[in-house]
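Peer 1: The amino acid sequence is not available; the structure is as follows:
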């Protein structure tokens, strides 16, 4: 705390000395450039305070982030490959999860090809609860449509767990269950 206060005082002094140096020339008794003399004494105290130690991520945190990333990628690829058994293992067994899995199963029946991409924006970690903010973009194609359905959105995937990470909530735009949405202009 003391170091922060001293650094603040030093910063104010440096700003004041710089202001003096750009002010109109005035003769100061004893020195032609008082700001240079002042900075020679202040800089050795100020510069070490600017140094900061980088945050070193622990191996446990790194492993947890890799597991989260792998879980999100497995979720995406399982949806594209229409692998309902893998998707079922990624969801927390809740009532809402069952409805979402039914909507996903309906997507698999309606669309013959699905392409989905995720771009992770931010990951928030609180103990064994995770919130992954991401952008998604997808293309759903049926044989009876000339043009495929293209959608995109922003979602927050909320996961829980430590070794086995499972999805329990999706907030925002849900990329799954596309056939159950009311999409304007869609006549299916």
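Peer 2: All right, it came through fine. Everything quoted here is computed from the prediction, not taken from an experiment. Numbers count the residues shown, from 1 in each chain.
Peer 1: Could you list the low-confidence segments of this protein?
Peer 2: 1-2, 4, 13-14, 16-57, 182-188 (pLDDT under 70).
Peer 1: again, 80 this time
Peer 2: Residues of the chain meeting the criterion pLDDT under 80: 1-61, 94-96, 180-188.
Peer 1: For it, which segments count as helices?
Peer 2: Assigned helices in the chain, in chain order: 2-22, 34-50, 59-80, 84-90, 95-110 (criterion: DSSP state H).
Peer 1: now for this structure, which residue lies nearest the mean position of the chain?
Peer 2: residue 122 (0.9 Å; Cα atoms, centre = their mean).
Peer 1: how close does it get to residue 135?
Peer 2: Counting by Cβ to Cβ, to the nearest Å, the gap from residue 122 to residue 135 is 11 Å. Placement of C-beta: from N, CA and C, glycine included.
Peer 1: what's around residue 164, how many residues?
Peer 2: Using other Cβ atoms under 10 Å, residue 164 is surrounded by 10 other residues.
Peer 1: ok, now residue 15?
Peer 2: Neighbour count for residue 15, taken as other Cβ under 10 Å: 10.
Peer 1: dump the residue contacts of it.
Peer 2: By Cβ atoms under 8 Å, 6 or more residues apart in numbering, the contact set of residue 15 is empty.
Peer 1: For residue 9, see how far away it is.
Peer 2: Residue 15 is 11 Å from residue 9, by Cβ to Cβ.
Peer 1: next one: residue 127
Peer 2: Separation of residue 127 from residue 9 (Cβ to Cβ): 40 Å.
Peer 1: Break the chain into its domains for me.
Peer 2: Following automatic domain parsing, one gets these domains for the chain: 2-50, 59-180.
Peer 1: Among those, show me which one is buried the most.
Peer 2: Compared across those, domain 59-180 shows the largest average neighbour count, a mean of 15 (mean count of other Cβ atoms under 10 Å).
Peer 1: Can you give me the end-to-end span of it?
Peer 2: 42 Å (Cα to Cα, to the nearest Å).
Peer 1: gap between stretch 104-113 and the chain center?
Peer 2: With Cα atoms, centre = their mean, to the nearest Å as the basis, stretch 104-113 stands 29 Å off its chain's centre.
Peer 1: Now do it: everything it contacts.
Peer 2: 79, 82, 84, 87, 114, 139-143, 148-149, 176-180, 188.
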